[in-house]
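> Using only what follows, build the 3D model:
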Amino acid sequence: MKILVINGPNLNMLGIREPDVYGRETLKDIEKKLWKKAQQMEVQISFFQSNSEGEMIDKIHDSYGKMDGIIMNPGAYSHYSIAIRDAIKSVNIKTVEVHISNVFAREEMRANLVTAPASHGVISGFGSYGYLMALDALVNGGK
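As a prediction, this is how the structure comes out:
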């Protein structure tokens, strides 16, 4: 099984950006935990981060026929990017959307996830553990 992890805007600043909201782990720390878990599960995993909506869409498109699942934290794009939503739907790859913070307990604008309906599921509010939950769901989850 091949899984792609896509992280969107500002996630390259984890550990620095609002540590009271996002914690002190860096994106590299999260990737190391995911890589270790993927190895234990005998899953191939690759990582991609971009602050550019178009690059994220291109990466989703490039995954068609190559990946069995996507774990994606679209960051702020989750609140307004119909283009990312359409890209997820266009490739028909099981996708789990992850948010480190509980977006539903924050500002009202963050509760609107336009990308979520295109995803198989959404995990929000469990910190970096949400990525591990998403990996488990893609490998062992239901339909």
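> my read: Cys118 touches Asn92, true?
No Cys there; residue 118 is Ala. No - under the criterion of C-beta atoms under 8 Å, Ala118 lies out of contact with Asn92, with a separation of 10.2 Å. Every C-beta, even on glycine, is put in place using the N, C-alpha and C of the backbone.
> which of these two has more neighbours?
With other C-beta atoms under 10 Å as the criterion, Ala118 and Asn92 differ in neighbour count, and Ala118 comes out ahead with 19 against 8.
> Need the pLDDT of Ser52.
The predicted local confidence for Ser52 comes out at a pLDDT of 98.
> what sits against it?
Contact analysis of Ser52 by C-beta atoms under 8 Å, 6 or more residues apart in numbering lists Pro9.
> What distance do you get for it to Thr26?
With distances taken as C-beta to C-beta, to the nearest Å, Ser52 is found 20 Å from Thr26.
> give me the low-pLDDT residue ranges for the chain?
18-19, 21-23, 105-107, 109-111, 142-143 (pLDDT under 70).
> all helices in it, in order from the N-terminus.
Secondary structure of the chain, counting by DSSP state H: helices at 19-22, 27-40, 53-62, 82-91, 129-140.
> Please produce TSV containing those helices, extended by distance to Val103 and mean neighbour count.
Supplementary listing: these in TSV, determined by distance: least, C-beta to C-beta, whole Å; neighbours: other C-beta atoms under 10 Å:
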stretch	distance to Val103	mean neighbour count
helix 19-22	11	12
helix 27-40	17	16
helix 53-62	18	17
helix 82-91	16	18
helix 129-140	11	19
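> Between those helices, which one is closest to Asp68.
If you check each of those against Asp68 by C-beta to C-beta, helix 129-140 wins as the nearest, at 7.5 Å.
> Export that closest one to PDB, keeping only CA atoms.
Written as PDB, here are the backbone C-alpha positions of helix 129-140 (Å, rounded to 0.1, in the frame of the first residue of the first chain):
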ATOM      1  CA  TYR A 129      -1.800  11.800  16.800                       C
ATOM      2  CA  GLY A 130      -4.500  12.600  14.200                       C
ATOM      3  CA  TYR A 131      -2.000  11.700  11.400                       C
ATOM      4  CA  LEU A 132      -1.400   8.300  13.000                       C
ATOM      5  CA  MET A 133      -5.100   7.800  13.300                       C
ATOM      6  CA  ALA A 134      -5.500   8.600   9.600                       C
ATOM      7  CA  LEU A 135      -2.800   6.200   8.600                       C
ATOM      8  CA  ASP A 136      -4.500   3.400  10.600                       C
ATOM      9  CA  ALA A 137      -7.900   4.300   9.100                       C
ATOM     10  CA  LEU A 138      -6.500   4.100   5.600                       C
ATOM     11  CA  VAL A 139      -4.800   0.800   6.100                       C
ATOM     12  CA  ASN A 140      -7.200  -0.900   8.400                       C
END
